[in-house]
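S.K.: No sequence on hand, only this structure:
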């Protein structure tokens, strides 16, 4: 159960839902709300990471309102969700209040980041207690608090298979993920209804930002890119910036970590970087059977900006085609 609040938590499970269908719901006499299940065909999803809450990072709410305006089917939040370990347990509840700008209608699809588990002050119970990860899997080395299960998972939406990857709890964690993600990619590669494979997690395989890329992860994703032609995109956070790489072993690596937490300076340069910006942003992704169109959208200005753009401006665009 979540530990951020003494209030009771209620979880409702819904069965027999149909894909691409809009459902109405009300909780405790609240106004009518709607949500739409995983799409069958063309759809939009958004991406952000390293978010925080509006009480400690003033621009968080503005980013969530931008995402709400996009009307995505779901939102991937690639780790470091609340910074409750730094800003206190009240920050956890404030974060989930902030994202209600869009989470009343769009599914919140998380991956865990280091701030969810690797220091005192917060732990995975706050997150595993709130979310049910689709096809959730347990990873070796997961911390005792919040153990075990739902360290990563996978789901299909439209013609895309999405596979998340876990935090590097232990040396064996990513090796274990590789052994289980491989068959998921192979089945997607063989499935004519799946057109693309996308991975997402917190740590970057490649980065010129404050946090360098993880070589062990890069080796795994590179091998998958060489083996499975449908695998085309990896989404991550961790370094508080936006960065898109040219395809590496056929895979575009994209850091979308401008969700609201303070920006972090660049630490290096990489000749394979196609575009990078030090500014708050979120990523809007439109998917059809033949393409994935990526747009990075400028967020609110902050004192840490190293790039200049107008709020709402598309600062980078890229299209992956079949």
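M.R.: That came through fine. None of the values given here were measured: they were computed from a predicted structure.
S.K.: Quickly note the distance from residue 149 to residue 30.
M.R.: Going from residue 149 to residue 30 by C-beta to C-beta, to the nearest Å gives 31 Å. (C-beta placed from N, C-alpha, C; glycine too.)
S.K.: neighbour-wise, which of the two wins?
M.R.: Neighbour comparison, residue 149 and residue 30: the larger count goes to residue 149, with 13 against 9 (by other C-beta atoms under 10 Å).
S.K.: which SS state does the residue nearest to residue 205 when sequence neighbours are not counted fall under?
M.R.: Leaving aside its chain neighbours, residue 205 sits nearest to residue 218 (3.9 Å; criterion: C-beta to C-beta, 6 or more residues apart in numbering). Secondary structure, DSSP: H, G, I helix; E, B strand; the rest coil: residue 218 is helix.
S.K.: count of residues packed around residue 218?
M.R.: Under the neighbour criterion other C-beta under 10 Å, residue 218 is assigned a count of 19.
S.K.: Please apply the same query to residue 75.
M.R.: Neighbour count for residue 75, taken as other C-beta under 10 Å: 22.
S.K.: how about residue 140, what does it touch?
M.R.: For residue 140, the contacting residues are 169-170, 172-173, 176, by C-beta atoms under 8 Å, 6 or more residues apart in numbering.
S.K.: Tell me how far it lies from residue 112.
M.R.: Distance, residue 140 to residue 112, using C-beta to C-beta: 15 Å.
S.K.: Just the pLDDT for the closest residue to residue 153 other than its chain neighbours.
M.R.: Once flanking residues are discounted, residue 153 sits nearest to residue 133: 3.9 Å by C-beta to C-beta, 6+ apart. If you check residue 133, the pLDDT there is 96.
S.K.: for residue 144, same thing?
M.R.: Turning to residue 144, the model gives it a pLDDT of 88.
S.K.: in what helix or strand does it lie?
M.R.: Assessed by DSSP states H and E, residue 144 sits outside every helix and strand.
S.K.: do the same with residue 101
M.R.: Assigned by DSSP H and E, residue 101 belongs to helix 100-103.
S.K.: Tell me the buried residues in that helix?
M.R.: 101-103 (16 or more other C-beta atoms under 10 Å).
S.K.: again with stretch 260-272
M.R.: Here stretch 260-272 shows 260-261, 263-264, 266, 270 as buried, counting by 16+ other C-beta under 10 Å.
S.K.: Filter the contacts of residue 140 down to the buried ones.
M.R.: Applying 16+ other C-beta under 10 Å to the contacts of residue 140 flags 169, 173, 176 as buried.
S.K.: Tell me how far the nearest residue to residue 113 once chain neighbours are set aside lies from residue 236.
M.R.: Once flanking residues are discounted, residue 113 sits nearest to residue 79: 2.5 Å by C-beta to C-beta, 6+ apart. To residue 236, residue 79 is 8 Å away according to C-beta to C-beta.
S.K.: Of those two, give the one with the bigger neighbour count.
M.R.: residue 236 (31 against 26).
S.K.: The more buried one against residue 206, yeah?
M.R.: No - the criterion here is C-beta atoms under 8 Å, and residue 236 misses it with residue 206 at 9.0 Å.
S.K.: what do those two both touch?
M.R.: Taking C-beta under 8 Å, 6+ apart as the contact rule, residue 236 and residue 206 both touch residue 253.
S.K.: Show me where the stretch 151-300 of the chain has its helices.
M.R.: Under the criterion DSSP state H, counting those that start in this stretch, the stretch 151-300 of the chain carries helices at the ranges 171-190, 215-227.
S.K.: how about the nearest residue to residue 163, chain neighbours excluded?
M.R.: Nearest to residue 163 is residue 154, by C-beta to C-beta, 6+ apart, at 4.4 Å.
S.K.: Can you give me the pLDDT of the one you found?
M.R.: We have a pLDDT of 99 for residue 154.
S.K.: number of nearby residues for it?
M.R.: Neighbours of residue 154 under the rule other C-beta under 10 Å: 21.
S.K.: tell me which residues in stretch 274-286 are buried?
M.R.: Of the residues in stretch 274-286, those buried (16+ other C-beta under 10 Å) are 276-286.
S.K.: again with stretch 27-36
M.R.: Applying 16+ other C-beta under 10 Å to stretch 27-36 flags 35-36 as buried.
S.K.: pretty sure residue 267 contacts residue 240?
M.R.: No - using C-beta under 8 Å as the test, residue 267 is too far from residue 240 to be in contact (11.7 Å).
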